[in-house]
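Asks: Using only what follows, build the 3D model:
(one chain, ligands or ions: 1)
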Amino acid sequence: MASNTSAALYRDAAANVEAAALAVGMDEKIRRILSQPMNELIVNFPVQRDDGSYDMLQGYRIQHNNVLGPYKGGLRFHPSVDIDEVRALATWMTFKCALMRLPFGGAKGGVSIDPRSFSEPELERVVRRFTHSLGENIGPEYDIAAPDMGTNAQTMGWMMDTYLNSRGPGERQNTRRIVTGKPVELGGSLGREEATGRGAAYALRHLYGEFDRVLDGESVAIQGFGNVGSHAARALVELGMTVKAIADVSGIVYADTGLDVEKLLNWVAQSGGVADYPNAEPITNDELFALDVDVLIPAALHAQITAENVESIRAPIIVEAANGPITADAAAVLDHGGVHVIPDILANAGGVVVSYYEWVQNKTSNRWTAHDVDTRLRDQIWEACDRVSAQRSARGCSRRAAAYIEASELLQTVYSLRGIFP
Ligand code: NAD
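Replies: The predicted structure is shown next:
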């Protein structure tokens, strides 16, 4: 059963697509194709717990569109996962890949579990059974997974190993690109782990000029201190910003003079979360969103800035490092109030951009240096920012609308050139 929140999330995603289709005068048949996923897969599979009992789990893989290339999108383990949440995330991937000019379509997968309540061997069994259940519905030139919330490089390692073991011996070495975001030792790319957070920082830095502000010395609050939030925090400190608050599922910590991100990461590694970090004071979620900071970065869950709390926001700039952190009604209030929002399909695209680099390196049996990956990422993010800014100036719309329009123009062109089969 889809929850109200995820149903609203999917409605918001569909509304973004509709608005962009209208703005670019999209052909009706193309609009209808893009308004729903191509394939929706639900798998029910058993997983043995450490005590010998079995759980029946439900997993999803939604393949939204593949007109630009193989389906591409992350795998999420979180209790909120349901079919509408995954549909929304898959839809966003189609537009993110189009916006970034990647030869990939959009997909997403998920299993509704809280990974913190599973032991490592249990998680491995979940990943392997889920991958096995997907069977021939994924493939290195067909549908390629990556980490998302609740999953990581290790998850991708297990997924890859399960997939390779289902292939004939002659196909095992050339199909490692079935997943991206895997450990470097297994063929992962240098720089993939950091890519989403660094990409968000690059987008912020590039667009800062448009905000008539100087980034050095400005303050930031971040919700989420996992893959995306922690690497965004590091990259922003590198750029001279002061990180004043960080939240994770355990709590929220605030220091007016700035948090030492490396010390906080060490604390999290020891204690499991930011809560009780000694060099800061605890604050509430409401206080986090109402902080008087220059930049607010939601980098955890969707639907965090809503009609209920949007009026309390004081930050003049918001970077959507998470997918869908601002609901459509809240986004309208922020636009009206002149808040600069860097939309998710641009702000967090660094992950899929470097996933593409990983896929290319695997395909060509090549290895790029960390510097090469990071420079290409920066340039690709900046180039996309410039195209979004040009659309925004030409059309006088929000950055979010401009990003969807930029993606929709490409999708419309590709469909028009290919035609609709048969
Ligand atoms: P993650 O699992 O590594 O980290 C999630 C973080 O959010 C953790 O610190 C967790 O404690 C925190 N969190 C969870 N619930 C919270 C709550 N109620 N309040 C405050 N904090 C909470 O996940 P991630 O990969 O960093 O993904 C975060 C977001 O970024 C998601 O929306 C994801 O879809 C998006 N994203 C991730 C990638 C990627 O490459 N990993 C790429 C693009 C977008």
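
Asks: In the chain, where is pLDDT below threshold?
Replies: 1-2 (pLDDT under 70).

Asks: I'd like to know which elements the helix or strand in which Cys385 is found is packed against.
Replies: Element membership of Cys385, judged by DSSP states H and E, is helix 370-395. Counting contacts by 3 or more Cβ pairs under 8 Å, 6 or more residues apart in numbering; DSSP states H and E, helix 370-395 packs against helix 83-99, helix 192-208, helix 344-347, helix 350-363, helix 399-418. All C-beta atoms are positioned from the backbone trio N, CA, C, and that covers glycine.

Asks: Val67: which of the ones you listed is closest?
Replies: Of all the helices and strands packed on helix 370-395, helix 399-418 sits nearest to Val67, with 5.4 Å by Cβ to Cβ.

Asks: Outline the domain layout of this structure.
Replies: Split into domains by automatic domain parsing, the chain comes to 4-13+38-186, 195-347.

Asks: Let's have the ones you listed in CSV, adding distance to Tyr357 and mean neighbour count.
Replies: What follows is these, written out as CSV (distance: least, Cβ to Cβ, whole Å; neighbours: other Cβ atoms under 10 Å):
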stretch, distance to Tyr357, mean neighbour count
domain 4-13+38-186, 9, 20
domain 195-347, 9, 20
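
Asks: possible to save those domains as a markdown table with distance to Gln361?
Replies: Below are these laid out as a markdown table (distance: least, Cβ to Cβ, whole Å):
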| stretch | distance to Gln361 |
| --- | --- |
| domain 4-13+38-186 | 9 |
| domain 195-347 | 13 |
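
Asks: so which of those comes closest to Thr375?
Replies: Here domain 195-347 is closest among the domains of the chain (Cβ to Cβ), at 10.5 Å.

Asks: first vs last residue of that closest one, how far apart are they?
Replies: End-to-end span of domain 195-347 (Cα to Cα, to the nearest Å): 11 Å.

Asks: how far is stretch 201-208 from where the chain is centred?
Replies: Using Cα atoms, centre = their mean, to the nearest Å, the mean C-alpha position of stretch 201-208 is found 17 Å from that of the whole chain.

Asks: Do it and the ligand come into contact?
Replies: No - using Cβ under 6 Å from any ligand atom, we find that stretch 201-208 stays clear of the ligand, coming within 12.3 Å at best.

Asks: Show me what that stretch is in contact with.
Replies: By Cβ atoms under 8 Å, 6 or more residues apart in numbering, the residues outside stretch 201-208 that reach it are 214-215, 232, 235-236, 238-239, 295, 317, 319, 340, 342, 346-347, 350, 377-378, 381-382, 385-386, 389.

Asks: packing partners for the top strand by length along the chain?
Replies: Taking DSSP state E as the criterion, the chain has its longest strand at strand 54-65. With contacts taken as 3+ Cβ pairs under 8 Å, 6+ apart, strand 54-65 sits against strand 39-48, strand 71-77, helix 83-99, strand 106-111, helix 120-134.
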